[in-house]
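Q: sequence first, predicted model second:
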Amino acid sequence: MKVIETPGLPILSWCGEPEGGAIEQAIHLAQLPFAHHHIALMPDTHQGYGMPIGGVLAARGTIIPNAVGVDIGCGMLAAQTALRDITQEEVKQILGLLRKAIPVGFKHRDTPLAIPGPPSNAPIARAEYESARHQAGTLGGGNHFIEIQRGNDGHIWFMVHSGSRNIGKKVCDHYNALAKKLNARWKTEVPAKWDLAFLPTDTEEGQQYIAEMEYCQAFAQRNRAAMAEVIAFVFGEVFPALPSPESPTLNVHHNYARLEHHFGQDVWVHRKGATSARAGETGIIPGSQGTKSYIVTGLGNPDSFLSCSHGAGRIMGRKEAQKTLSLAAEVKRMNDQNIVHGIRSAKDLDEAAGAYKDIDLVMEEQKDLVSIAVELTPLGVIKA
């Protein structure tokens with residue numbers, strides 16, 4: 001970890017070489033009048049909208065919709081199966097069945113699923129409720145994925161990366177626009193160009209956003225759990241004698257804000273592309289497509305606001321990856337590891353491993369934040 005001095009609060013960075021855009025955004029965070037103690041940057045930090053991905057902000061009495069982001073409650077699910085071995089043909093069979101059973105991209109379910117009902121003070125969630133029922137149990141797009149993995153604990157695992165689908169985006173867009181309007185009316189000292197419009201938590205608007213955000217988190221967890229149920233069923237179809245999982249399913253967020261106590265005050269900790277890593281807490285840090293992922297145990301480092309990275313972190317944008325990465329090299333990378341994958345053309349390179357940081361370096365940079373419990377090697381992946 002290194003300290004970066006700013007005109008405001010210091011920045012504590014676990015990222016060895018953060019890009020300039022991410023540092024500029026972190027400096028903006030450090031100058032917010034309600035920011036608390038310092039800003040923390042995880043090893044996977046890269047530029048986002050308003051706030052860097054991999055950034056952690058503690059705010060006093062204030063919440064920033066754009067510091068949570070559009071995919072509220074996006075996160076990871078991981079499950080250890082009782083299976084001890086699997087062939088490549090069996091991986092292909094499972095992935096083929098999953099592609100038919102789980103909608104990806106913009107596709108929704110024909111049959112709605114049961115999901116929690118929104119609270120009364122969550123108007124956007126209430127308006128989107130019926131649509132959300134058809135989106136529960138769907139993967140979505142972007143960097144979301146389903147992966148089958150071999151753990152160094154002797155078990156076959158599966159992992160899901162997904163979030164709150166369209167409802168999270170609707171909530172973020174609505175409250176970010178509302179916060180911009182209110183901030184302009186209040187003539188706040190936070191420049192509009194920083195794209196960090198805020199809502200005081202003691203206002204009706206702030207309370208509504210919190211209710212909507214927490215509902216999106218509940219939906220995102222249900223979304224991942226619904227896909228896990230399908231994946232477990234498909235495993236059972238391919239392996240009829242497979243017993244129930246031997247360990248509980250892990251289901252964690254990495255885009256959210258939560259009221260916590262840090263450095264003497266109750267503050268709203270915004271984790272945008274960062275995961276909670278309290279002492280003894282089990283977490284999930286995925287790699288990029290074709291690289292290892294990790295089940296980790298938090299070490300409770302107070303300087304990170306008890307946080308760790310949410311993944312490897314991008315080193316290039318999607319369009320840049322499609323234009324500059326070698327399709328042949330990325331396909332060879334996957335084939336050499338005998339990973340079942342779907343990289344077929346240049347448009348698939350936006351999520352290739354070459355577009356991301358080295359996960360080994362990311363894990364080395366945060367060895368004072370988490371310890372590795374299980375190392376997971378990819379066997380097959382469905383990318384949204």
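A: Received, thanks.
Q: what number of residues lie near the residue nearest to Pro243 when sequence neighbours are not counted?
A: Of all residues not flanking Pro243 in the chain, Ala82 sits nearest, at 4.6 Å (CB to CB, 6 or more residues apart in numbering). (C-beta placed from N, C-alpha, C; glycine too.) Counted with other CB atoms under 10 Å, the neighbours of Ala82 add up to 15.
Q: the one 3 residues further on now?
A: Counted with other CB under 10 Å, the burial measure for Asp85 works out to 9 neighbours.
Q: show me the shaky parts of the stretch 201-350 of the chain.
A: 245-247 (pLDDT under 70).
Q: that one: helices as residue ranges?
A: Applying DSSP state H, counting those that start in this stretch to the stretch 201-350 of the chain gives helices spanning 204-238, 318-324, 327-336.
Q: from the chain's centre, how far out does the first one sit?
A: The one in question is helix 204-238. Centroid separation for helix 204-238 versus its chain: 13 Å, with CA atoms, centre = their mean, to the nearest Å.
Q: tell me, what's the model's pLDDT at the residue nearest to Pro243?
A: With respect to pLDDT, Ala82 has a value of 92.
Q: can I assume it sits in a strand?
A: No: if the criterion is DSSP: H, G, I helix; E, B strand; the rest coil, then Ala82 is coil and not within a strand.
Q: on that earlier part again, deepest-packed of the helices of the stretch 201-350 of the chain, please.
A: helix 204-238 (a mean of 21; mean count of other CB atoms under 10 Å).
Q: which helix or strand contains Gly168?
A: helix 165-186 (DSSP states H and E).
Q: no wait, Glu375
A: If you go by DSSP H and E, Glu375 is part of strand 370-383.
Q: now do that strand: which elements does it pack against?
A: With contacts taken as 3 or more CB pairs under 8 Å, 6 or more residues apart in numbering; DSSP states H and E, strand 370-383 sits against helix 88-101, strand 145-151, strand 156-162, strand 282-285, strand 293-298.
Q: about what we covered before: surely the residue nearest to Pro243 meets Asp153?
A: No: using CB atoms under 8 Å, Ala82 is not in contact with Asp153, being 11.9 Å away.
Q: circling back to that earlier point, so which of the helices of the stretch 201-350 of the chain gets nearest Glu351?
A: Across those, the minimum distance to Glu351, taken as CB to CB, is reached by helix 318-324, at 7.9 Å.
Q: still on that earlier bit, columns distance to Lys169 on top of the helices of the stretch 201-350 of the chain, output as CSV?
A: As requested, the helices of the stretch 201-350 of the chain are exported to CSV (distance: least, CB to CB, whole Å):
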stretch, distance to Lys169
helix 204-238, 10
helix 318-324, 17
helix 327-336, 29
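Q: what's the closest of those to Pro302?
A: Closest among these, using CB to CB: helix 204-238, at 23.9 Å.
Q: and that closest one with strand 156-162, angle?
A: 150 degrees (axes from the mean of the first three to the mean of the last three CA atoms, to 10 degrees).
Q: what sits against Val160?
A: Met76, Leu77, Ala78, Leu139, Phe145, Ile146, Arg224, Met227, Ala228, Ile231 (CB atoms under 8 Å, 6 or more residues apart in numbering).
Q: which two among these are spaced furthest apart?
A: Ala78 and Leu139 (15.3 Å).
Q: what about Pro240, neighbour count?
A: For Pro240, the count of nearby residues is 7 (other CB under 10 Å).
Q: now do the contacts for it.
A: With CB under 8 Å, 6+ apart, Pro240 has no contacts at all.
Q: separation between it and Lys170?
A: For Pro240, the distance to Lys170 equals 42 Å [CB to CB, to the nearest Å].
Q: what do you get for Met51?
A: Using CB to CB, Met51 is found at 20 Å from Lys170.
Q: between these two, which has more neighbouring residues?
A: More crowded of Met51 and Lys170, by other CB under 10 Å: Met51, with 27 against 21.
Q: was I right about the more buried one contacting Leu196?
A: Yes: counting by CB under 8 Å, Met51 touches Leu196, with 6.8 Å between them.
Q: got any residues that touch both of the two?
A: By CB under 8 Å, 6+ apart, the residues touching both Met51 and Leu196 are Leu29, Ile64, Asn66, Ala67.
Q: next, count neighbours for the last one.
A: The local packing count at Ala67 equals 30, with neighbours defined by other CB under 10 Å.
Q: which residues touch it?
A: Leu29, Gly50, Met51, Gly55, Leu57, Ala59, Leu196, Ala257, His270, Lys272.
Q: now do 10 Å
A: 25, 29, 32, 48-52, 55-57, 59, 176, 195-198, 255, 257, 268, 270-272 (CB atoms under 10 Å, 6 or more residues apart in numbering).
Q: take these and keep only those in strands.
A: Among the contacts of Ala67, the members found in strands (DSSP state E) are Gly55, Val56, Leu57, Ala59, Asn255, Ala257, Trp268, His270, Arg271, Lys272.
Q: just put the residues you listed in a markdown table and tack on neighbour count.
A: As requested, the ones in strands among the contacts of Ala67 are exported to a markdown table (neighbours: other CB atoms under 10 Å):
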| residue | neighbour count |
| --- | --- |
| Gly55 | 30 |
| Val56 | 30 |
| Leu57 | 31 |
| Ala59 | 21 |
| Asn255 | 29 |
| Ala257 | 27 |
| Trp268 | 23 |
| His270 | 26 |
| Arg271 | 28 |
| Lys272 | 27 |
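Q: now for these: which two are most distant?
A: Maximum distance among these (CB to CB): 15.7 Å, for Ala59 and Asn255.
Q: where's Asn183 relative to Ala59, distance?
A: 14 Å.
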